[in-house]
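Q: Starting from these lines, generate the structure:
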Amino acid sequence: MATLPICPSFLPWPHRPASISFHPKNPSSSSPTAAHVSVSVFVQADSPPQDPPPLSDPTQNTRFLWVNPNSPRAAELARARAGSARRARLASAAAALAACHPSSPAIAAALSAAFPDTPSEQDAVIVLNTTPTNHVPALRWFLQHAAVRNRTILYNVVFKALRKGRRWRETEALWAEMAADDAVQPDNATFSTVIGCARACGPRGSALEWFEKMPAAGCAPDTLTYSVVIDACGRAGDAATALRLYDRARGEGCRLDPVICATVIKVHSASGNFDGALNVFEEMKAVGVKPNLVVYNTVLDAMGRAMRPWVVKTVHREMVGQQVPPSRATYCCLLQAYARARYGEDAMAVYRVMKDEAMDIDVVMYNMLLSMCADIGYAEEAEEIFRDMKASVDTRFRPDSWTYSSMVTLYSCTGNVLGAEGILKEMKEAGFKPNIFILTSLIRCYGKAGCTDDVVRSFAMLEDLKIAPDDRFCGCLLTVAADTPVEELGKVVDCIDRSNAQLGAVVKLLVDGKASTESFKEAARGVLSAARGVVKMPYCNCLMDLCVNLGQMEKACALLDAALQLDIYSNVQTRTQVQWSLHLRGLSVGAALTTLHVWMNDLYTTLQNGEELPPLLGIHTGEGKNMYSGKGLVSVFESHLKELDAPFHAAPDKAGWFLTTSVAAKHWLEAKKSSELVAV
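A: From the prediction side, this is the model:
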């Protein structure tokens, strides 16, 4: 038997035994060695003994494997090896291109060295897609030296890279080069990419201009192109053009798809047309287009902005029923929608799901939740969120000044002085200085707890920090003054005077029992006329509360008259042939009581003039409570009407309404002729 040379192709893998065993199914011998054939059998007996070939070093990357050239896998393995070598070569070319200075000679030298032979079109596409820079010079080199069948493809790749880098001027310059190349014809992908670049970084309206160039280039817009240009018009604030293009796409038979529907829904939402956004969502389902995750998230965001949490819940249930897996964006939309609408239970449920699934919640969303908790009195939930923020490993999600402000506001609403002071101390230790919002909430908290001296001390902090008081801060001082005992009222009035001298003068005229009603009314009119719109009604409410608390009913009526003339209180009374109603919702207790007495005086005057009352009279107080005082007009009016022995009774089927008949009201008004009822 001839000796078989031991060649590298026969070397075993590392840790593989040097002998090969063969075990027949039906061994004919019982000898333990009969079924074992070693490779040494094939070596001549007279050959000198040889050491076994050394095993490959397992620390080396090189491994030897013999491949049968007749095996079908031989060609596959050869292709894999060739592909791997090609990918490495192309990656090296892209890296060399990125390292070059953006000058044509250096780039040409690098690409010539990387491609000694003519590169293919696919080689060019891969390099242009991979390199982060020098796309345009590399494109010129490949157009000259590569075997390119469709030059438009290479241009599209570079346009895409320029869009990603937001390089609009280079995009326009490259388009001019492409237009000068007779062998290149732009296609829909070219226009979609250029329009997308114009949307991202081009001049206003440029996306629509490029869209309108498509017919001249022999291109008909498709769904993707329509989607890009509609989105560009929506981002530019041109909702009318975006919707016109949407109607045009439908008229041209362009089939709806989730991309274009999500774009149109977003355009409607950005322009405030939330009904239109919902209509597009329902329309796409009616024509058989199944919403995807992007569409659902867009609708949830739109309905959250529209303050329609009930629609948000319906859409979310539908999404779950359609087995569309939610993303982090989905939970963010839900959280924002419920927090804005003050749906406390739903917002906290979403928050806990996000926390259980370890989703990132940024500080803005944390603060939104805390603001919601402060407004609806969720103290325990706010403290849970605050602890989670402080325990966050990521410093980006740690509490900031707005976080501390929300916590102080929460404790202020509940009158928890110790809690508010603890947060203030913790805030200072964290390196934040109190701002106007925190000091406003702190003063409100002290005022609600009856700590007048602490109110004055907090006001001094404002001056020490050189923070200028604003309208809301002055309104807070007015709120505190309305609840301050007469013997300590002067301390708060002094703070008001130092914050706003004109407002302080009005309060001093109010407190001074000897000051005339007319002078007080004119001073109050001047302050209310100069105040910002958002604080006009709070100022009136607080001043009338103070009037009622001090027994200055004549000045309260004069202030109400000035407020009605300035349209600060609108639609307080409504009259129909069937019912006259007094609408007090949104007014403070003092303002509501003042308005009630003036209204009753008007009813009495009507009867004195021989006129008839309608069959029904009603007083609408609403059901809610004041966020800071905790008082509800329903309970206050129920007891007040009983004190007056008025015939108004709570309506069983209309919450927040007190009703009576004209007969009962007439009898009561005629029986009451005292000056206490008929206040001038």
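
Q: for the record, mean pLDDT for stretch 225-234?
A: Per-region confidence: stretch 225-234 scores 87 on mean pLDDT.

Q: now that stretch, how far from the chain's geometric center?
A: Centroid separation for stretch 225-234 versus its chain: 22 Å, with Cα atoms, centre = their mean, to the nearest Å.

Q: and what of stretch 483-491?
A: The chain centre lies 44 Å from the centre of stretch 483-491; the measure is Cα atoms, centre = their mean.

Q: Tabulate the CA atom coordinates of stretch 445-462 in CSV.
A: C-alpha atoms of stretch 445-462 as CSV (Å, rounded to 0.1, in the frame of the first residue of the first chain):
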residue,chain,number,x,y,z
CYS,A,445,-49.4,78.3,51.4
TYR,A,446,-48.5,80.6,54.4
GLY,A,447,-51.6,82.7,53.8
LYS,A,448,-53.9,79.6,53.7
ALA,A,449,-52.4,78.5,57.0
GLY,A,450,-52.9,81.9,58.5
CYS,A,451,-49.1,82.5,59.0
THR,A,452,-49.1,86.3,58.2
ASP,A,453,-45.6,86.9,59.5
ASP,A,454,-44.2,84.1,57.3
VAL,A,455,-45.9,85.8,54.3
VAL,A,456,-44.0,89.0,55.1
ARG,A,457,-40.8,87.0,55.6
SER,A,458,-41.3,85.3,52.2
PHE,A,459,-41.9,88.7,50.6
ALA,A,460,-38.6,89.9,52.0
MET,A,461,-36.9,86.9,50.2
LEU,A,462,-38.3,88.3,46.9
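
Q: What residues of it count as buried?
A: 445-449, 451-452, 454-456, 458-459, 462 (16 or more other Cβ atoms under 10 Å). All C-beta atoms are positioned from the backbone trio N, CA, C, and that covers glycine.

Q: which ones are touching Val312?
A: By Cβ atoms under 8 Å, 6 or more residues apart in numbering, the residues touching Val312 are 300, 303-304, 333-334, 337-338.

Q: Recalculate using a threshold of 6 Å.
A: Residues counted as contacts of Val312 (Cβ atoms under 6 Å, 6 or more residues apart in numbering) are 300, 303-304, 337.

Q: quick one on the thing from earlier: just put the buried residues of stretch 445-462 in JSON lines and tack on secondary structure and distance to Glu421.
A: Formatted as JSON lines, those follow (DSSP: H, G, I helix; E, B strand; the rest coil; distance: Cβ to Cβ, whole Å):
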{"residue": "Cys445", "secondary structure": "helix", "distance to Glu421": "9"}
{"residue": "Tyr446", "secondary structure": "helix", "distance to Glu421": "10"}
{"residue": "Gly447", "secondary structure": "helix", "distance to Glu421": "14"}
{"residue": "Lys448", "secondary structure": "helix", "distance to Glu421": "14"}
{"residue": "Ala449", "secondary structure": "coil", "distance to Glu421": "11"}
{"residue": "Cys451", "secondary structure": "coil", "distance to Glu421": "11"}
{"residue": "Thr452", "secondary structure": "helix", "distance to Glu421": "16"}
{"residue": "Asp454", "secondary structure": "helix", "distance to Glu421": "9"}
{"residue": "Val455", "secondary structure": "helix", "distance to Glu421": "13"}
{"residue": "Val456", "secondary structure": "helix", "distance to Glu421": "16"}
{"residue": "Ser458", "secondary structure": "helix", "distance to Glu421": "10"}
{"residue": "Phe459", "secondary structure": "helix", "distance to Glu421": "16"}
{"residue": "Leu462", "secondary structure": "helix", "distance to Glu421": "16"}
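
Q: before we move on, the earlier item: please identify, among the contacts of Val312, the one with the most neighbours.
A: Counting neighbours by other Cβ atoms under 10 Å, Ala337 leads the contacts of Val312 with 28 neighbours.

Q: how close does that residue get to Ile153?
A: Distance, Ala337 to Ile153, by Cβ to Cβ, to the nearest Å: 44 Å.

Q: Please apply the same query to Leu245.
A: For Leu245 relative to Ile153 (Cβ to Cβ), the value is 27 Å.

Q: which one of the two has more residues nearby?
A: Leu245 (25 against 18).

Q: On the strand side of things, show who Gln579 bridges to.
A: Gln579 has these beta-bridge partners by DSSP bridges: Leu616.

Q: burial count for it?
A: Using other Cβ under 10 Å: Gln579 sits among 14 other residues.

Q: Please apply the same query to the one 3 residues further on.
A: The number of residues packed around Leu582, counting by other Cβ under 10 Å, is 22.

Q: Restricting to C-alpha, output the strand or helix carrying it in CSV.
A: Assigning secondary structure by DSSP states H and E places Leu582 in strand 579-583. The C-alpha trace of strand 579-583 is given here as CSV (Å, rounded to 0.1, in the frame of the first residue of the first chain):
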residue,chain,number,x,y,z
GLN,A,579,-86.3,81.4,32.1
TRP,A,580,-84.0,84.1,33.5
SER,A,581,-80.7,82.7,34.7
LEU,A,582,-77.7,83.9,36.7
HIS,A,583,-74.4,82.2,35.8
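
Q: Packing partners of the helix or strand following it?
A: Beyond strand 579-583 on the C-terminal side, the first helix or strand identified by DSSP H and E is helix 589-608. On a contact count with 3 or more Cβ pairs under 6 Å, 6 or more residues apart in numbering; DSSP states H and E, helix 589-608 meets helix 533-549, helix 553-565.

Q: So for the longest one, what gets flagged as buried?
A: Residues of helix 533-549 classed as buried: 535-549 (neighbour count, 16+ other Cβ under 10 Å).

Q: ok so, going back, what about the strand holding Leu582, distance to the chain center?
A: Offset of strand 579-583 from its chain centre (Cα atoms, centre = their mean): 41 Å.

Q: cool, and stretch 206-223?
A: Using Cα atoms, centre = their mean, the offset of stretch 206-223 from its chain centre is 33 Å.

Q: my guess is Ala147 meets Thr118, correct?
A: Yes: under the criterion of Cβ atoms under 6 Å, Ala147 makes contact with Thr118 at 5.4 Å.

Q: Mind listing residues that contact stretch 493-509?
A: The contact list for stretch 493-509 (Cβ under 6 Å, 6+ apart) reads 459, 469, 474, 477, 515, 520, 523-524, 527.

Q: Mark which of those residues are buried, thanks.
A: By 16+ other Cβ under 10 Å, these give 459, 469, 474, 477, 520, 523-524, 527 as buried.

Q: looking at the protein, which helix or strand is least sure?
A: Here the helix or strand of the chain ranked lowest by mean pLDDT, DSSP states H and E is helix 72-98, holding a mean of 70.

Q: mind listing what's buried in whichever helix or strand comes after that helix?
A: Downstream of helix 72-98, the first helix or strand assigned by DSSP H and E is helix 104-114. If you call a residue buried by 16+ other Cβ under 10 Å, then helix 104-114 has these buried ones: 106-108, 110-111, 114.

Q: Ok, stretch 507-522 next?
A: 507-511, 517, 520-521.

Q: Repeat that for stretch 136-155.
A: Judged by neighbour count (16+ other Cβ under 10 Å), stretch 136-155 contains these buried residues: 136-143, 146, 148, 151-155.
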